[in-house]
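**Student:** this is a predicted model, with the sequence first.
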Amino acid sequence: MLDPKGIIRPTCRRFPTYLNGLFNRSSLLTKLFPHNRFSRRYLSSHWDRKNIRCVDWIAGTYILFRKESIQDVGCLDEDYFMYCEEIDWCFRAKQKGWKIYYVPEAKLIHHQRNNAYTKRKVIWHHQSMLRFYRKHLKIPLAIYIFIAIVIFLKLAALFLLHDLGMAFKILHKTRKVCKKLSIINA
């Protein structure tokens, strides 16, 4: 999958584990330790994307289903409002013996209408991940609650940092405007 500028975007990963709440693509731990084995495993960042390969899951913008697979596995789970429904489907397909392939010769350009960071998108993504964990990982309730708390704290920190960043941008722009105005008035 390419963005409109021709930059390759990741379209497949390994199935998430409970550790991905700590070591996912946007986590602080992955940013601090980008080559840690947990992040590399989940993001499948250790292999060349030039060859056909059997993978755990493919991004929904880039997936093709065989009719027989849908008849066997079923449709996408409608309980996912947005995000992770393709991970859930691929997980169920693998359980039924189907294989998921990454095929680099198949290309598409993904034109996102709005790629802006929004709190709502982040919340929906994390809600869907929690749904996936609860549905498929069969982890003890205490660990699930711990994961939910960590995700909540992560979201709170992300939102705080985002809001602080926006405040600093506004201050910086205001300072620039004030400097320009003082030059004009001088």
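**Tutor:** Arrived safely, thanks for sending. Numbering: from 1, shown residues only.
**Student:** helices of the chain, residue ranges please.
**Tutor:** Using DSSP state H, the helices of the chain run over residues 28-32, 37-43, 67-73, 85-95, 119-132, 141-185.
**Student:** now do the longest one: which elements does it pack against?
**Tutor:** Using 3 or more Cβ pairs under 8 Å, 6 or more residues apart in numbering; DSSP states H and E as the contact criterion, the elements in contact with helix 141-185 are helix 119-132. Where C-beta positions appear, they are placed from N, C-alpha and C, glycine not excepted.
**Student:** which other helices and strands contact the helix it packs on?
**Tutor:** Helix 119-132 sits against helix 85-95, helix 141-185, with contacts defined as 3+ Cβ pairs under 8 Å, 6+ apart.
**Student:** how far does it sit from the chain's center?
**Tutor:** 9 Å (Cα atoms, centre = their mean, to the nearest Å).
**Student:** and for stretch 4-19?
**Tutor:** So, by Cα atoms, centre = their mean, the centroid of stretch 4-19 is 7 Å from its chain's centroid.
**Student:** using PDB, write down the CA coordinates of that stretch.
**Tutor:** Provided in PDB are the C-alpha atoms of stretch 4-19 (Å, rounded to 0.1, in the frame of the first residue of the first chain):
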ATOM      1  CA  PRO A   4      -0.200   9.500  -2.600                       C
ATOM      2  CA  LYS A   5       3.500  10.400  -2.400                       C
ATOM      3  CA  GLY A   6       4.500   6.800  -3.200                       C
ATOM      4  CA  ILE A   7       5.800   6.000   0.300                       C
ATOM      5  CA  ILE A   8       5.200   2.300   1.300                       C
ATOM      6  CA  ARG A   9       2.800   2.000   4.300                       C
ATOM      7  CA  PRO A  10       2.700  -1.100   6.400                       C
ATOM      8  CA  THR A  11      -0.100  -3.500   5.500                       C
ATOM      9  CA  CYS A  12       0.500  -6.500   7.600                       C
ATOM     10  CA  ARG A  13       1.700  -7.500  11.100                       C
ATOM     11  CA  ARG A  14       1.800 -10.400  13.500                       C
ATOM     12  CA  PHE A  15      -1.200 -11.000  15.700                       C
ATOM     13  CA  PRO A  16      -1.200  -8.800  18.800                       C
ATOM     14  CA  THR A  17      -0.400 -10.200  22.200                       C
ATOM     15  CA  TYR A  18      -1.000  -8.500  25.600                       C
ATOM     16  CA  LEU A  19       2.500  -7.100  25.400                       C
END
